[in-house]
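Undergrad: show me how the following folds:
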Amino acid sequence: MKIVINSSPIIFLVKLQLLDLFLTRDDEFYIPSGVVEEIEVKSDQVRQGILPFIEAGKLRVVSTRLFTLVNRLNLNLGRGESEAISLATELQADLIILDDRAARRKAVNLGLNVKGTLALIKKLSQEGKITIDNVDELYDRLQRINFRVSRPIFDAVFKNFEP
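TA: Predicted coordinates:
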């Protein structure tokens, strides 16, 4: 399965110390070069968290060649989201991981399968890779690392969740 990942999901998975658990899957993980540039200017913790995966080839850094699409998307979205959506389109990715609402909408409109960080966390729990004892504590932890999600959206993702 080909999976393209944008910067915010990587940043939050690193901060939650979950990126390595997600990347243990037997999938092909792609990260646009523009996203790597975004991450490199944000946080040493995050940069240091992704470097081993890039060096090991588990996160493949790729530049999209769909410049017209990148430029068109970049009129309304950030550069990272624009490159991620363009790369996912170019690679005919099975999944793109995005958190930004406008980017998610645009990706869906282009026919891409979209998931976000919350869905990844829930999936890791369902696969038994992590344990979530209390969703309220998870929500508080996400807020402490500046993950911006409203409580109603969080609750909708974790509705009927069984720890």
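Undergrad: residues touching the worst-scoring helix or strand of the chain on mean pLDDT, excluding its own?
TA: Lowest by mean pLDDT, DSSP states H and E among the helices and strands of the chain is helix 33-42, with a mean of 82. Residues external to helix 33-42 that are found in contact with it (C-beta atoms under 8 Å, 6 or more residues apart in numbering): 5-7, 10-11, 46-47, 50, 54, 61-63, 79-80, 82-84. C-beta: built from backbone N, CA, C; applies to glycine.
Undergrad: could you pull out the buried residues of whichever helix or strand comes after it?
TA: Going down the chain from helix 33-42, the next helix or strand is helix 44-55, by DSSP states H and E. For helix 44-55, the neighbour count (16 or more other C-beta atoms under 10 Å) marks 46-47, 49-50, 53 as buried.
Undergrad: ditto for stretch 28-38
TA: 28-32, 34-36, 38.
Undergrad: remind me which residues of this protein are low pLDDT?
TA: Within the chain, the segments meeting pLDDT under 70 span 42-43, 163.
Undergrad: any of the contacts of helix 33-42 buried? List them.
TA: Listed as buried from the contacts of helix 33-42 are 5-7, 10-11, 46-47, 50, 62, 79-80, 82-84; burial here means 16+ other C-beta under 10 Å.
Undergrad: and this protein, what are its domain boundaries?
TA: 2-116, 119-157 (automatic domain parsing).
Undergrad: hey, which of the ones you listed is tucked in deepest?
TA: domain 2-116 (a mean of 19; mean count of other C-beta atoms under 10 Å).
Undergrad: gap between it and the chain center?
TA: Mean C-alpha position of domain 2-116 versus that of the full chain (C-alpha atoms, centre = their mean, to the nearest Å) differs by 6 Å.
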